[in-house]
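1. could you look at this predicted model? Sequence included:
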Amino acid sequence: MSFPRCSIIPPHVLQRLLAAEPGMRPAVEFTLRDSTQVRHRREVLATRWPGGHPPASQGIITSPLQQRAAPTAPATDAVPAGVPAAATPRRSVHDAGHGTSLPGTLVRSEGEDPSGDVSVDEAYDGLGATWQLLADVYDRDSLDGRGLPLVATVHYARDYDNAFWDGRQMVFGDGDGVYFDRFTRSVDVVAHELAHGLTQYTAGLTYVGQPGALNESASDVWGSLVRQWVRGQTVDEADWLIGAELFTDRVQGVALRSMAAPGSAYDDPVLGRDPQPAHMDDYVVLPHDADNDNGGVHINSGIPNKAFHLFATALGGHVWERAGQVWYDTMTTRGLVPRDVDFVRFADATLAAARRRYGGTGEGEEVTRALRAAWAGVGVPVG
């Protein structure tokens, strides 16, 4: 049976869990099955429809809340320059009550005091941190650049081992409590999934093969940016981990992924070994179908992840400064990245973005030299 997936937990991990833990089968099977509908919604909504809305023939029915959070213009249109002086995040966190109806019961709105529910408050803080970094560092008002409301739902389903962006909002499971803890614990996980929304409104990368791996990598980059920004860390102080708080003590591993050392994040008797490559020599060729993670989008993302890590650490300082700026410019500059971009063309686009931002001499030469070395370090040639 085919189960398309596009959430924070890679499908190969869930498949291992399904095989090893018969008692957890209903919950894990539901997580995989539920991803079929999530994937369809996200693919439809990520398409650059004229006017920003899918036609009625697509059968996408939205609630008034979701309509307010839906695109108001094509992703390729220019967005207003800068964040309005009085702009603030527009957060709302809802409780699904272990059901699957979205968005669920509203439990915390923008500006309200903490609810006392740790999942609610972690989601609220993670949404805010992501919005604040976009606003303060990149002068962007939310994911779409137009103040898009940030909607989240917690306590989704029962023992749900995932978190996802469905094209309009964030959704968090509580985890099974055996291998995975609640999915709001890692701010980088919140930011990772929100970044799928940022990609949706900007580059719109196709979720298959190399563009799909770049889509996943861009979310890991953004997750790491937010994690390091919240902690005030330099690139040398950061751990470069994604999902470090998700595993319970039962798992032999430190995180879902390591950007510094792809392939080393976990090695567990049940969940298996982290399969991410760090170099094109080890690129994993898989069929471009749902049973194989759409060509290994969660696997081969290790290659551009490592390239970004090499770039950022070569430049030093804070990741959200020059390294983050180049990646942000690459993803948000109209016409720079086609939806079906491969690793080589993306690397060239990062070089073009760096030259546009920093020029070709002085600081520009330092940035482009570090960028070329980073891509060379993972076996991706730069033109």
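-> Perfect, I can see it now.
2. just checking, what packs against the one helix or strand Val230 maps to?
-> Element membership for Val230 (DSSP states H and E) is helix 209-231. Judged by 3 or more CB pairs under 8 Å, 6 or more residues apart in numbering; DSSP states H and E, helix 209-231 is in contact with helix 118-138, helix 187-201, strand 241-242, helix 293-296, helix 302-315, helix 322-332, helix 343-358. The C-beta positions use only the backbone N, C-alpha and C, and glycine is treated the same way.
3. how much does it deviate in direction from helix 322-332?
-> For helix 209-231 against helix 322-332, the angle by axes from the mean of the first three to the mean of the last three CA atoms, to 10 degrees is 140 degrees.
4. name the SS class of the closest residue to Gln228 other than its chain neighbours, please.
-> Leaving aside its sequence neighbours, Gln228 sits nearest to Ala238 (CB to CB, 6 or more residues apart in numbering; 4.7 Å). With DSSP: H, G, I helix; E, B strand; the rest coil as the basis, Ala238 sits in coil.
5. and Ala238, how many residues sit next to it?
-> 20 (other CB atoms under 10 Å).
6. pLDDT value on it, please?
-> Looking at Ala238, its pLDDT reads 98.
7. that one contacts Val319, doesn't it?
-> Yes: the pair Ala238 / Val319 is scored as a contact, 7.0 Å apart, by CB atoms under 8 Å.
8. what sits in contact with each of these two?
-> The contact sets of Ala238 and Val319 overlap at Ser224, Gln228 (CB atoms under 8 Å, 6 or more residues apart in numbering).
9. got the contact list for the residue nearest to Gln228?
-> Ser224, Arg227, Gln228, Arg231, Val319.
10. for Ala354, see how far away Gly360 is.
-> Going from Gly360 to Ala354 by CB to CB, to the nearest Å gives 9 Å.
11. neighbour count winner among these two?
-> Neighbour totals were compared for Gly360 and Ala354, and Ala354 leads with 28 against 10 (other CB under 10 Å).
12. contacting residues for the more buried one?
-> Val326, Asp329, Gly364, Val367, Thr368, Leu371.
13. per-residue confidence at Ala86?
-> pLDDT, read off for Ala86, is 84.
14. helices and strands of the chain: which one bottoms out on pLDDT?
-> helix 64-69 (a mean of 41; mean pLDDT, DSSP states H and E).
15. check the contact lists of Gly360 and Ala354 and give me the overlap.
-> Thr368.
16. any low-confidence regions in this structure?
-> 1-6, 35-81 (pLDDT under 70).
17. Val118 against Arg182, yeah?
-> Yes: here Val118 reaches Arg182: they are 7.5 Å apart, a contact under CB under 8 Å.
18. what about the two, which has more around it?
-> For Val118 versus Arg182, neighbours defined as other CB under 10 Å are more numerous around Arg182 (21 against 13).
19. helix or strand: which one has the more buried one?
-> Assessed by DSSP H and E, Arg182 sits outside every helix and strand.
20. contacts only, for it.
-> Contacts here follow CB under 8 Å, 6+ apart; on that basis Arg182 touches Val118, Ser119, Glu122, Phe172, Gly173, Asp174, Gly175.
21. one more time with 6 Å
-> Ser119, Asp174, Gly175 (CB atoms under 6 Å, 6 or more residues apart in numbering).
22. run the chain-centre distance for the helix holding Val230.
-> Its chain's average C-alpha position is 5 Å from that of helix 209-231, according to CA atoms, centre = their mean, to the nearest Å.
23. name the residues that touch that helix?
-> For helix 209-231, the external contacting residues (CB under 6 Å, 6+ apart) are 129-130, 133, 187-188, 191-192, 195-196, 199, 205, 207, 238, 242, 259, 288, 294-295, 297-298, 300-301, 304-305, 308, 319-320, 324, 327, 340-343, 346.
24. which of these are buried?
-> Listed as buried from the contacts of helix 209-231 are 129-130, 133, 187-188, 191-192, 195-196, 199, 205, 207, 238, 242, 259, 294-295, 297-298, 300-301, 304-305, 308, 319-320, 324, 327, 341, 343, 346; burial here means 16 or more other CB atoms under 10 Å.
25. I'd like to know how many residues surround Thr350.
-> 27.
26. lovely, talk soon.
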